[in-house]
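S.K.: just a sequence and a predicted model for now, questions to come.
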Amino acid sequence: MAAFTAADVKALREKTGAGMMDAKKALEQSNGDIEAAVDALRAKGLATAAKKSSRTAAEGLVGVAVDGTKGVAVEVNSETDFVAKNDQFQDFVRKVTEVALAEQTADVDALKAASYPDGGTVTDKLTDNVATIGENQQVRRLKHVSVTNGIVFPYVHNAAADGLGKIGVLVALESEADKAVLEDLGKKLAWHVAAAFPQALNAEGIDPAVVERERAVLREKNAEKIVGKPPEIAEKILNGPVEKFLRENALLTQAFVMDGKTPVQDVIAAAAKEAGKPIALVDYVRFQLGEGIEKEESDFAAEVAAAVKG
């Protein structure tokens with residue numbers, strides 16, 4: 001009986017990126033000791049992913065998919081933009097997005113544990129991709145939106161392929177209005193979301209920490225106006241700029257990008273009036289590739305010098 005299990009083989013492959021048979025053979029030779037197997041694979045030059053997994057993955061693709069009244073956006077990162085153009089990587093992002101939509105998985109760990117269409121799990125396929133493409137890759141985040149009646153409109157900005165690109169947007173419109181009317185409105189709203197970068201659907205949804213940080217900045221900027229004022233008066237002076245900040249960062253109150261002045265909620269109300277049915281923008285997704293990831297600044301000259309020195 002082998003001194004290791006299939007789970008050990010899987011764990012070793014995730015740590016090293018080695019192929020199935022290489023990982024199994026290394027475990028056989030180390031009598032099931034994973035760390036000894038890692039060393040053995042490294043000695044043979046077969047442990048590649050362990051080193052790659054420490055490198056920043058901030059490029060890649062955002063995938064979006066819709067089925068009826070449900071939609072999902074998934075971000076998968078790679079280290080370089082070159083991989084985003086790779087057919088194997090694009091196929092992976094497309095299928096992972098389809099898996100997320102079908103499984104209605106709520107978080108990344110559940111998605112990575114789900115079955116992959118070509119066999120094994122999403123994690124198994126990701127490990128294979130790291131080993132064969134040669135870069136660190138990560139399934140970073142996902143979000144679902146849905147409506148009871150209406151549409152979920154998908155949009156990809158800077159598309160690399162159908163449903164894949166740098167910015168993925170989903171707009172969820174709840175309504176019994178004609179589908180063509182909703183799709184036209186959904187398309188325009190999706191363009192707006194991609195361009196205007198709203199932080200939440202409405203003011204109440206904006207992170208309180210972000211609002212407090214903005215209030216602190218405004219307090220500093222308006223120091224001359226509020227100096228010597230009673231606290232309640234100073235707060236009233238600040239309320240105007242804070243409300244302007246909320247208005248400009250909440251989707252429903254932002255100025256519509258297509259005319260630069262009409263609040264989005266008024267654009268929706270006008271469409272509903274014309275359609276003769278209520279229309280509600282109930283949710284949205286905007287995933288921009290790599291947002292929030294701190295990229296490493298590389299010194300190309302130093303890298304070349306190091307390579308020359310060996």
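M.R.: Perfect, I can see it now. Note that the structure is predicted; figures quoted are calculated from it, not measured.

S.K.: all helices of this protein, in order?
M.R.: 6-16, 20-29, 34-43, 49-52, 81-84, 87-103, 108-113, 122-133, 179-196, 208-221, 223-226, 231-249, 264-275, 300-309 (DSSP state H).

S.K.: for the ones you listed, give me a markdown table that also has mean neighbour count, distance to residue 283 and mean pLDDT.
M.R.: In this view, the C-beta of every residue, glycine as well, is placed from N, C-alpha and C. Shown next, in a markdown table, are these (neighbours: other CB atoms under 10 Å; distance: least, CB to CB, whole Å; pLDDT from 0 to 100):
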| stretch | mean neighbour count | distance to residue 283 | mean pLDDT |
| --- | --- | --- | --- |
| helix 6-16 | 18 | 34 | 79 |
| helix 20-29 | 18 | 41 | 85 |
| helix 34-43 | 18 | 43 | 78 |
| helix 49-52 | 17 | 36 | 45 |
| helix 81-84 | 18 | 27 | 87 |
| helix 87-103 | 19 | 15 | 96 |
| helix 108-113 | 16 | 19 | 95 |
| helix 122-133 | 20 | 25 | 90 |
| helix 179-196 | 19 | 11 | 97 |
| helix 208-221 | 13 | 19 | 84 |
| helix 223-226 | 11 | 38 | 80 |
| helix 231-249 | 14 | 17 | 89 |
| helix 264-275 | 17 | 13 | 97 |
| helix 300-309 | 8 | 43 | 46 |
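
S.K.: do you know how far residue 78 is from residue 146?
M.R.: 29 Å (CB to CB, to the nearest Å).

S.K.: please say which of these two ends up with more neighbours.
M.R.: Neighbours were counted for residue 78 and for residue 146 using other CB atoms under 10 Å; residue 78 has more, 24 against 19.

S.K.: the more buried one: what's it in contact with?
M.R.: Counting by CB atoms under 8 Å, 6 or more residues apart in numbering, residue 78 makes contact with 57, 59-60, 84, 89, 133, 135-137.

S.K.: now do it, the pLDDT please.
M.R.: With respect to pLDDT, residue 78 scores 91.

S.K.: likewise residue 149?
M.R.: 96.

S.K.: that one touches residue 177, doesn't it?
M.R.: No: if you go by CB atoms under 8 Å, residue 149 and residue 177 don't touch, sitting 9.3 Å apart.

S.K.: ok, these two, which is more surrounded?
M.R.: Each of residue 149 and residue 177 has its neighbours counted (other CB under 10 Å); residue 177 has more, 21 against 12.

S.K.: quick one: residues contacting the more buried one.
M.R.: Here residue 177 is in contact with 150, 271-272, 275-279 (CB under 8 Å, 6+ apart).

S.K.: sorry, back to before: reformat the helices of the chain as a markdown table; add distance to residue 142.
M.R.: Converted to a markdown table, the helices of the chain look like this (distance: least, CB to CB, whole Å):
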| stretch | distance to residue 142 |
| --- | --- |
| helix 6-16 | 20 |
| helix 20-29 | 27 |
| helix 34-43 | 30 |
| helix 49-52 | 22 |
| helix 81-84 | 18 |
| helix 87-103 | 5 |
| helix 108-113 | 6 |
| helix 122-133 | 11 |
| helix 179-196 | 17 |
| helix 208-221 | 22 |
| helix 223-226 | 43 |
| helix 231-249 | 23 |
| helix 264-275 | 25 |
| helix 300-309 | 34 |
